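Engineer: sharing a sequence plus its predicted fold:
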Amino acid sequence: MANFRVYPDKNNYSSSPAGRKIFVGMVLAGIAGHWLLYRNHYSRQDRFSTVLARWMSKRSDY
């Protein structure tokens, strides 16, 4: 991160600070999404999953 602006073409996806933040955010969002799907599928008795499912069903239009 120190020589980030000195070599902007070192990595194509991190050519700008905003692009790097978006890339890291996409990776973290993908990991979190897969983690939530894994917990929802393999531990349906989990309290957090049931509360989250109820909250999402309350906020859904259908």
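Structural biologist: Cool, got the structure.
Engineer: report the buried residues of the helix or strand M26 falls within.
Structural biologist: Secondary structure assignment for M26, by DSSP states H and E: helix 17-42. Applying a neighbour-count criterion of 16 or more other Cβ atoms under 10 Å, helix 17-42 contains no buried positions. All C-beta spots, glycine's among them, are computed from the backbone N, C-alpha and C.
Engineer: where in this protein is pLDDT low?
Structural biologist: Applying pLDDT under 70 to the chain flags the ranges 1-16, 40-47, 59-62.
Engineer: and the next helix or strand after the helix holding M26, C-alpha only, in CSV?
Structural biologist: If you walk from helix 17-42 toward the C-terminus, the next helix or strand you reach (DSSP H and E) is helix 47-59. Provided in CSV are the C-alpha atoms of helix 47-59 (Å, rounded to 0.1, in the frame of the first residue of the first chain):
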residue,chain,number,x,y,z
ARG,A,47,-30.8,-19.0,16.2
PHE,A,48,-29.2,-16.3,14.1
SER,A,49,-30.3,-18.0,10.8
THR,A,50,-33.9,-18.3,11.9
VAL,A,51,-34.0,-14.7,13.1
LEU,A,52,-32.4,-13.5,9.9
ALA,A,53,-34.9,-15.6,7.8
ARG,A,54,-37.9,-14.2,9.8
TRP,A,55,-36.5,-10.6,9.4
MET,A,56,-36.0,-11.1,5.6
SER,A,57,-39.5,-12.6,5.3
LYS,A,58,-41.0,-9.6,7.1
ARG,A,59,-39.3,-7.2,4.8
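Engineer: on contacts alone, who are the packing partners of helix 47-59?
Structural biologist: Counting by 3 or more Cβ pairs under 8 Å, 6 or more residues apart in numbering; DSSP states H and E, the packing neighbours recorded for helix 47-59 are helix 17-42.
Engineer: got the angle for the helix it packs on vs helix 47-59?
Structural biologist: For the pair helix 17-42 and helix 47-59, the angle between their directions (axes from the mean of the first three to the mean of the last three Cα atoms, to 10 degrees) equals 110 degrees.
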